[in-house]
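Student: no sequence on hand, only this structure:
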């Protein structure tokens, strides 16, 4: 449940995405303008994917990161510090798996077509 009325932030984002997609397909804009619309569309789609799944991913990796570092308040900055100061071994399999899986999740948001 949300205290906010409709349209939701997701619906608003989708409306803007739909509008820009229609503008790209129309013949009323020169090619360079369509290219700029495409850039905006790509950014909006990244934001949309992050809004849809970012909270779940953040929660999952905050918990995994806390277990990995032994700290309740996990941040990637703290993780970097522990690697830099050799509190965590950069060759540790759990650390490597954590970083690999985190990177995969980030790429899914930034560029879901990337394999």
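Tutor: Yes, it's here. Computed from a predicted model, the values in this text were never measured in an experiment.
Student: every contact and neighbour count from this point should use C-alpha atoms.
Tutor: Noted.
Student: residue 56 versus residue 62, what's the distance?
Tutor: Residue 62 sits 10 Å away from residue 56, going by CA to CA, to the nearest Å.
Student: and these two? Which one has more around it.
Tutor: A direct count of neighbours by other CA atoms under 10 Å for residue 62 and residue 56 places residue 62 higher, at 17 against 12.
Student: what's the separation between the residue lying closest to residue 34 once chain neighbours are set aside and residue 32?
Tutor: Excluding the flanking residues, the one nearest residue 34 by CA to CA, 6 or more residues apart in numbering is residue 24, at 5.2 Å. Separation of residue 24 from residue 32 (CA to CA) stands at 11 Å.
Student: kindly report the same for residue 77.
Tutor: Separation of residue 77 from residue 32 (CA to CA): 39 Å.
Student: ok, residue 90 touching residue 96?
Tutor: Yes. Judged on CA atoms under 8 Å, residue 90 makes contact with residue 96 at a distance of 7.4 Å.
Student: residue contacts, residue 48?
Tutor: Going by CA atoms under 8 Å, 6 or more residues apart in numbering, residue 48 touches 10, 13-14.
Student: for residue 72, grab phi and psi.
Tutor: The phi and psi values for residue 72, taken as degrees, to the nearest 10, are phi -70, psi -40.
Student: what is the burial count for it?
Tutor: With other CA under 10 Å as criterion, residue 72 counts 11.
Student: which residue is the nearest non-sequential neighbour of it?
Tutor: Nearest non-adjacent residue to residue 72, counting by CA to CA, 6+ apart: residue 66, 5.5 Å away.
Student: could you check the pLDDT of that neighbour?
Tutor: What the model reports as pLDDT for residue 66 is 96.
Student: what helix or strand is it on?
Tutor: Element membership of residue 66 [criterion: DSSP states H and E] is helix 31-69.
Student: and the contacts of the helix or strand following that helix?
Tutor: For helix 31-69, the following helix or strand on the C-terminal side (DSSP H and E) is helix 76-84. When contacts are defined by CA under 8 Å, 6+ apart, helix 76-84 is touched by residues 65, 69, 88-90.
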